[in-house]
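S.K.: sharing a model prediction with you, sequence too.
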Amino acid sequence: MKNKVVIVTGSNSGIGRETALALADMGATVVAIVRSKELGEQACETIMSETGNELVEMMLCDLSSMNTIRRFADEFKKKFDRLDVLINNAGAVFSKREVTVEGFERTLAVNYLAPFLLTHELLPLLKKSAPSRVINLSSGLARRAELNLEDLQSESNYKSRKAYSSAKLMVEMFTYELARQLEGTGVSVNAVLPGFVATNLGRSSGSLSSRIMFGMMKPFQLSPKEGAETSIYIATSPEVEGVTGKCFRKREVITTSDTSYDVEKQNQLWNKTVELLGSHWTFS
Ligand SMILES: NC(=O)c1ccc[n+]([C@@H]2O[C@H](COP(=O)([O-])OP(=O)(O)OC[C@H]3O[C@@H](n4cnc5c(N)ncnc54)[C@H](OP(=O)(O)O)[C@@H]3O)[C@@H](O)[C@H]2O)c1
């Protein structure tokens, strides 16, 4: 991975931290996107000292804010002239419905709108650096999720798990749609299911029941290092060069829900997302 530039969002914790560490260990230039300066600095220092790779740079970006994402992308493009791998890893669960200052329901903003917008903003660089790879973290919970195109922002009957699962389903649909749009460009787009992993996800902001469930399930959970394996594989392996529009678990292609493959719904979701973000662009 020497001379390759990689972005990992949410690299101060859990799966993202292990992914960033492994990629730094392989010699990549790693840009760790975090929202907390203190936690980010700690993580980057540990990654540098454990790997001996000094090419680990922290950049701040609160992924719940679309304006911040746009500013971050501009800053990144000024600093770096290539981007080989973008790992949209950050994710979060919120027990109560919250709305960001920009008016977006927070689960949707962090888990779905952020990867959608960040990928769009960095796409010129990804195309210029092709062959390049985009990796979107989904969840096994997406399998049973519903897509309510009339209520993407969970305005009626917000439930933490439902909103999170639905956002992850949208991530899969976005992955498949974008992969189709980018055919022939050399930019691959795939989703990854990390498994059930012992991280900070849902620990502080999940509902009481999900926190209890996470606690009880801890002995059965994968370690963050194990949870990062498939992201690392898709980011680096020559075996998946050119493979696009798939979802991987344990390094293998898996089938996701019928809804996730519904092309008409993918298009509708795409249009609604563009409408929400207030832009009039396409990825082509
Ligand atoms: N753990 C599992 O069992 C599991 C299962 C399926 C899918 N996943 C997915 O795997 C990915 C990694 O999660 P994890 O399990 O490693 O959880 P984690 O330990 O909680 O890590 C999540 C990361 O995302 C960052 N993040 C959250 N909100 C953010 C924001 N607004 N702006 C910037 N960064 C933000 C967090 O930063 P802070 O530390 O500052 O909050 C943290 O670095 C997520 O997409 C998650 O949905 C996890």
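M.R.: Yep, it's here. Computed from a prediction, not measured in an experiment: that's the story for all the values here.
S.K.: center of this structure - which residue?
M.R.: Residue closest to the mean C-alpha point of the chain, counted by CA atoms, centre = their mean, is Asn88 at 2.4 Å.
S.K.: outside of the helix or strand of the chain with the lowest mean pLDDT, which residues touch it?
M.R.: When the helices and strands of the chain are scored by mean pLDDT, DSSP states H and E, helix 208-217 comes last with a mean of 72. For helix 208-217, the external contacting residues (CB atoms under 8 Å, 6 or more residues apart in numbering) are 93, 95, 160-161, 196, 201-203, 206. The way it works is simple: take the backbone N, C-alpha and C, and place the C-beta from them, glycine included.
S.K.: closest one of the residues you listed to the ligand?
M.R.: Ranked by distance to the ligand (CB to the nearest ligand atom), the contacts of helix 208-217 are led by Leu201 at 3.5 Å.
S.K.: my read is that the closest one contacts Gly14, right?
M.R.: Yes - in this structure Leu201 lies within contact range of Gly14 using CB atoms under 8 Å: 6.5 Å.
S.K.: out of the contacts of helix 208-217, which touch the ligand?
M.R.: 196, 201 (CB under 6 Å from any ligand atom).
S.K.: for the contacts of helix 208-217, which two are the farthest from each other?
M.R.: The largest separation in those, counting by CB to CB, is between Ser95 and Phe196 at 19.2 Å.
S.K.: what does the stretch 51-200 of the chain have sitting close to the ligand?
M.R.: So far as CB under 6 Å from any ligand atom goes, the stretch 51-200 of the chain lies against the ligand at 62-64, 89-92, 110, 137, 139, 194, 196-197, 199-200.
S.K.: report pLDDT for Thr282.
M.R.: Per-residue pLDDT puts Thr282 at 45.
S.K.: could you find the closest non-adjacent residue to the residue nearest to the centre of the chain?
M.R.: Nearest non-adjacent residue to Asn88, counting by CB to CB, 6 or more residues apart in numbering: Pro115, 3.6 Å away.
S.K.: which residues does the one you found contact?
M.R.: Contacts of Pro115 (CB under 8 Å, 6+ apart): 9, 88, 136, 171, 174.
S.K.: just Thr244 next, same as before
M.R.: With contact taken as CB under 8 Å, 6+ apart, Thr244 is in contact with 179, 182-183, 187-190.
S.K.: any idea which element the residue nearest to Asn88 lies in?
M.R.: Pro115 belongs to helix 114-128 when assigned by DSSP states H and E.
S.K.: can you give me the buried ones in that helix?
M.R.: By neighbour count on 16 or more other CB atoms under 10 Å, the buried set for helix 114-128 is 114-123, 125-126.
S.K.: same question, stretch 245-262
M.R.: Judged by neighbour count using 16+ other CB under 10 Å, the buried positions of stretch 245-262 are 245-249, 256-257, 259-260.
S.K.: Ile87: what secondary structure?
M.R.: Three-state call for Ile87 (DSSP: H, G, I helix; E, B strand; the rest coil): strand.
S.K.: for it, give its distance to Arg97.
M.R.: Look at Ile87 and Arg97: by CB to CB, to the nearest Å, they are 28 Å apart.
S.K.: which of these two has more neighbours?
M.R.: In this view Ile87 and Arg97 are compared by other CB atoms under 10 Å, and Ile87 has more residues nearby, 30 against 16.
S.K.: residue contacts, the more buried one?
M.R.: The contact partners of Ile87, by CB under 8 Å, 6+ apart, come to 6-9, 16, 19, 135, 137, 231, 235.
S.K.: just give me the neighbour total for Arg133.
M.R.: Look at Arg133: counted by other CB under 10 Å, it has 27 neighbours.
S.K.: neighbour-wise, which of the contacts of Pro115 leads?
M.R.: Each of the contacts of Pro115 was scored for neighbours by other CB under 10 Å, and Asn88 scores highest at 30 neighbours.
S.K.: any idea how far that residue is from Leu137?
M.R.: Here the distance between Asn88 and Leu137 works out to 6 Å (CB to CB).
S.K.: what touches both of those two?
M.R.: Common contacts of Asn88 and Leu137 (CB under 8 Å, 6+ apart): Val171.
S.K.: could you look up the next helix or strand downstream of the helix or strand where Ser165 lies?
M.R.: Using DSSP H and E, Ser165 maps to helix 160-181. Using DSSP H and E, the helix or strand that directly follows helix 160-181 along the chain is strand 187-193.
S.K.: buried ones in stretch 263-275?
M.R.: 265-266, 269-270, 273.
S.K.: wait, what's in contact with the closest residue to Glu241 other than its chain neighbours?
M.R.: In space, and not counting its chain neighbours, Glu241 is closest to Pro131: 6.4 Å by CB to CB, 6+ apart. By CB under 8 Å, 6+ apart, the contact set of Pro131 is 186-188, 241-242.
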